[in-house]
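[1] A predicted structure for the sequence below; I have some questions about it.
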Amino acid sequence: MTIKAMAFDIDGTLVPRNCNNMSQKTREVLENLKKKNYPLVLITSRSFYEMKLLDKTFFDLFDYIVISTGTLIFNKQTLIQKHILRKEIFMQLVHYLEKNNIMYGYSRNDFEFYYSQEASAELQVKYSALFSQDYQIRKLEMDDEVIDFIYLLEDSQINELHNFVNEHIELCDFKIHGQVKPAGINKGFGLREVAKQLQLKPSDFLVFGDGTNDISMFQEAGLSVAMANGSEEAKKHAKLICASDDNEGVACFIEDWLKGDINDKNCIF
C-alpha cells in the first residue's frame, strides 16, 4: 500500500479534547511530512465558530480543511464547497424538534453559533463542553442560511429523534451530542472530495480519528488508525490503533510509519 496523503480529525486525535493547539512534537512531525511533500488535510466536526478557537498557527500545515463533518470544504482559506440541508427538509426537522421540546444549536452564514432556547440545568451539565462556549440564544428565522446544526437530547428523547430520521437526513453521532447533515454528507464524503481536488484516490490516504463520525472516513481510506482513547465502535472499524491523544499517538505512529516499523501485517481487521 502506497500512502500519498494524510487526513486528521482534531479533537481527541491531533489534540486532547477541550484543547486548542497541538503539541510541539506533533507539529514537528507534521512539518516533517510537509517537507516530504505529503498533502495534509483536516477533517473535523467542529463548526466554523469552533475552528476560530484554535491557535492561529494551527492551520499553516494543512492544504485542505473540511469542517462541520463535510459541510464546508476549504482549500487553505478559500471556501470551495458548501453542502447544507434543503430549506423544506430543514424546516420540517426544526418543526419536529420544537414540537417535541428538543433543544438544538446552529450556525448561520455569519459563522456565529446560537442555541434555540434556554437549557435545563441537567442538559447544561450533560453537555458542559458545549455550554462552556457561551453561545447566544437566538430564534431561528425562516430566511436564515444554516451552516451547522446540532441537537442536544435529554435521555428520554433519544428514540424520538432517531425515529424521525428519513432518507433526506444523516445523523453524525458523537459522545455528547449529534450533528444533522444532508444525506450522504459526512467525513467520508469530505475525504472523497479532497482526494479529487488532489487528483488522488481516497485509498491513497492514511487517516486518523477517534469517534463514530470518523467511521465513514475510515471506510474510504487506504489505511485507518483509531486512537486508543477513541470509541469502541471507531476502533472496530479501524485497521490499526495507536496511542492516545494525551500520549501524542498520532505523532508517535507517524514516526514509526516513516521508519517502516508499521505495515499491513500490523493491521487489525
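    Yep, it's here. Residues are numbered from 1 along each chain as shown.
[2] hmm, who's touching stretch 168-184?
    Applying Cβ atoms under 8 Å, 6 or more residues apart in numbering, the contact partners of stretch 168-184 are 45, 68-71, 83-86, 89, 93, 126-127, 129-130, 148-153, 161-162, 165, 167, 185-187, 211-213, 231. From N, CA and C alone the C-beta is placed, and that goes for glycine too.
[3] so for it, mean pLDDT?
    Averaged over stretch 168-184, pLDDT sits at 78.
[4] first-to-last residue distance for that stretch?
    Distance between the two ends of stretch 168-184: 9 Å, counting by Cα to Cα, to the nearest Å.
[5] quick one, grab the pLDDT at I65.
    Predicted confidence (pLDDT) for I65: 97.
[6] returning to what we had before: now go through the contacts of stretch 168-184 and say which are in strands.
    148-152 (DSSP state E).
[7] save those residues as JSON lines, and put in distance to R192, pLDDT and neighbour count too.
    Formatted as JSON lines, those follow (distance: Cβ to Cβ, whole Å; pLDDT from 0 to 100; neighbours: other Cβ atoms under 10 Å):
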{"residue": "D148", "distance to R192": "20", "pLDDT": "88", "neighbour count": "25"}
{"residue": "F149", "distance to R192": "22", "pLDDT": "89", "neighbour count": "24"}
{"residue": "I150", "distance to R192": "23", "pLDDT": "89", "neighbour count": "23"}
{"residue": "Y151", "distance to R192": "26", "pLDDT": "87", "neighbour count": "19"}
{"residue": "L152", "distance to R192": "30", "pLDDT": "87", "neighbour count": "24"}
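[8] now, which of those sits nearest I137?
    Proximity to I137 was ranked across those by Cβ to Cβ; first place goes to L152, at 12.7 Å.
[9] so what's the residue lying closest to the closest one once chain neighbours are set aside up against?
    In space, and not counting its chain neighbours, L152 is closest to M103: 4.6 Å by Cβ to Cβ, 6 or more residues apart in numbering. Counting by Cβ under 8 Å, 6+ apart, M103 makes contact with 97, 115-117, 119, 123, 151-152.
[10] all strands for this structure, in order.
    Going by DSSP E, the chain shows strands at 5-8, 40-43, 64-67, 72-75, 78-82, 103-108, 113-115, 136-137, 146-152, 169-173, 178-182, 205-209, 223-227, 240-242.
[11] in its sheet, what does the last one sit against?
    Right, strand 240-242. Strand 240-242 has its sheet partners listed here by DSSP bridges as strand 223-227 (parallel).
[12] what separation is there between M22 and E193?
    Using Cβ to Cβ, to the nearest Å, we find M22 at a distance of 24 Å from E193.
[13] what of N32?
    Per Cβ to Cβ, N32 is found 26 Å from E193.
[14] so which of these two has more stuff around it?
    E193 (18 against 14; other Cβ atoms under 10 Å).
[15] isn't that one up against Q81?
    Yes - using Cβ atoms under 8 Å, E193 is in contact with Q81, at 6.2 Å.
[16] list residues touching both of these two?
    Both E193 and Q81 are contacted by I73, under the criterion Cβ under 8 Å, 6+ apart.
[17] for F58, what are its contacts?
    Contacts of F58 (Cβ under 8 Å, 6+ apart): 20-22.
[18] having no further points to raise, I will conclude here.
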